[in-house]
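# Have a look at this prediction, sequence included:
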Amino acid sequence: MSRSLTPVFRWKLAEVKAEFAGRVPVEVVYLVRHVYRYLLHRGRLAFLAHLAESYGSLRLAFELLGLVEGAEWFVPPANAPPEEGVLAV
């Protein structure tokens, strides 16, 4: 990075931090029972929580542990009405 761009990026970073300072991130991820029990019995559940807090994302923590999305964990569907023209089943 050039020296002339460094102050610009520092200013933008401070602006973004100030914007998100008061917000509490909410992320819901469902974990399959046998994977949860494996993490619990192997002592990896605390490590998962540490990764999620460090990186600020449960999704990223699961990916870093090598867990397969859709088979071992999944994100629940949003509770929003369907888009216009889409039939709800």
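Okay, I see it.
# which sections of the protein are below the confidence cut-off?
When residues are selected by pLDDT under 70, those of the chain lie in 1-3, 5, 8, 16, 20, 22-26, 78-89.
# in it, which spans are strands?
For the chain, applying DSSP state E gives strands covering 30-31, 73-74.
# Present those strands as CSV; the columns should include mean neighbour count and distance to Trp11.
Quick note: C-beta positions are derived from backbone N, CA and C, even for glycine. Conversion of the strands of the chain to CSV gives the following (neighbours: other C-beta atoms under 10 Å; distance: least, C-beta to C-beta, whole Å):
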stretch, mean neighbour count, distance to Trp11
strand 30-31, 14, 39
strand 73-74, 17, 38
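# May I see the ones you listed organised as CSV, with distance to Ser57 added?
Output for the strands of the chain, formatted as CSV (distance: least, C-beta to C-beta, whole Å):
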stretch, distance to Ser57
strand 30-31, 15
strand 73-74, 13
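# so which of these comes closest to Ala61?
strand 73-74 (9.9 Å; C-beta to C-beta).
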